[in-house]
Structures are given as C-alpha cells and as structure tokens.
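Colleague: One predicted model, sequence on top.
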Amino acid sequence: MATNLQVFCINKTDRYNPHERIQNIGGYGGGTRWKHSQQQAIGFIESGQFMYYVSVGGNSVWVIIAVHNGNKYLKTQNDGVHPDNLLSLPECP
C-alpha cells in the first residue's frame, strides 16, 4: 500500500516548457523533510511506494504522471494540458 505524501514545494529547471520545468518536489511529514527528483517521484508512483498530493484552495488533488512528446512529467490530476498547480508552489530550500 502506498504512503501518501503532501507536496509543499518544488525546484524548477531553467526550461520554459511547463512539461519540463519541475526538477524536484518536496515536503515534510513526521518531523522529516524529504525531496525527490521528478524521475524518483515518477518511479515511486509507478512502483506504488508513494502517492503525492497537493492542497489547492482547501481541496487535495493527486499528483499524477502525464506524457508529453514521449517524456513523462508530473502534474496534478485537475490540471489541463498546461500544468500549473505544482509550478505555483514555492521553491524548496
């Protein structure tokens, strides 16, 4: 069974394409900070180890894997073609 982790922050790349902007996602829970690269997070989701979510306007939305031009990336479930819920989070330390 997957552990649910809330994403509180991200680190962005220097790319302008929203499908290539996320480098890391991060959060904390149980007194521990964590930071996973986008590739690690995709692997954790695919293996069923972790499920990530973001709290937006008082509602929780799942982080999912999407594919654009053959490349996997992270976005939230309710985002359309242009992912922005994750990109609007503050930068991780």
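Modeller: Looks like it arrived, so ask away.
Colleague: Three-state assignment for Glu46, please.
Modeller: When classified by DSSP: H, G, I helix; E, B strand; the rest coil, Glu46 comes out as helix.
Colleague: Count the residues that sit near it.
Modeller: A count of neighbours around Glu46, defined by other C-beta atoms under 10 Å, yields 10. (Each C-beta comes from the backbone N, C-alpha and C, glycine too.)
Colleague: which of the residues in the longest strand along the chain are buried?
Modeller: Longest strand in the chain by number of residues (criterion: DSSP state E): strand 59-68. Neighbour-count burial for strand 59-68 flags Val61, Val63, Ile64 (criterion: 16 or more other C-beta atoms under 10 Å).
Colleague: since we're on the closest residue to the last one other than its chain neighbours, how many residues are nearby?
Modeller: Spatial nearest neighbour of Ile64, chain neighbours left out: Gln77 (5.2 Å); criterion: C-beta to C-beta, 6 or more residues apart in numbering. Taking other C-beta under 10 Å as the criterion, the count of residues near Gln77 is 13.
Colleague: Start the count at 45 instead of 1 going forward.
Modeller: Happy to do that; since the first residue is 45 now, the last one works out to Gln121.
Colleague: Hmm, Ala110 and Gln121 touching each other?
Modeller: No. The pair Gln121 / Ala110 is not scored as a contact, 9.6 Å apart, by C-beta atoms under 8 Å.
Colleague: which residues in this structure form helices?
Modeller: Ranges of helices in the chain, per DSSP state H, are 82-91.
Colleague: I'd like the distance between the residue of it positioned farthest from its centre and Leu49.
Modeller: Here the chain reaches farthest from its C-alpha mean at Gly75, the gap being 20.1 Å by C-alpha atoms, centre = their mean. Using C-beta to C-beta, to the nearest Å, Gly75 is found at 14 Å from Leu49.
Colleague: Lys56 now?
Modeller: Distance of Lys56 to Leu49, computed by C-beta to C-beta: 19 Å.
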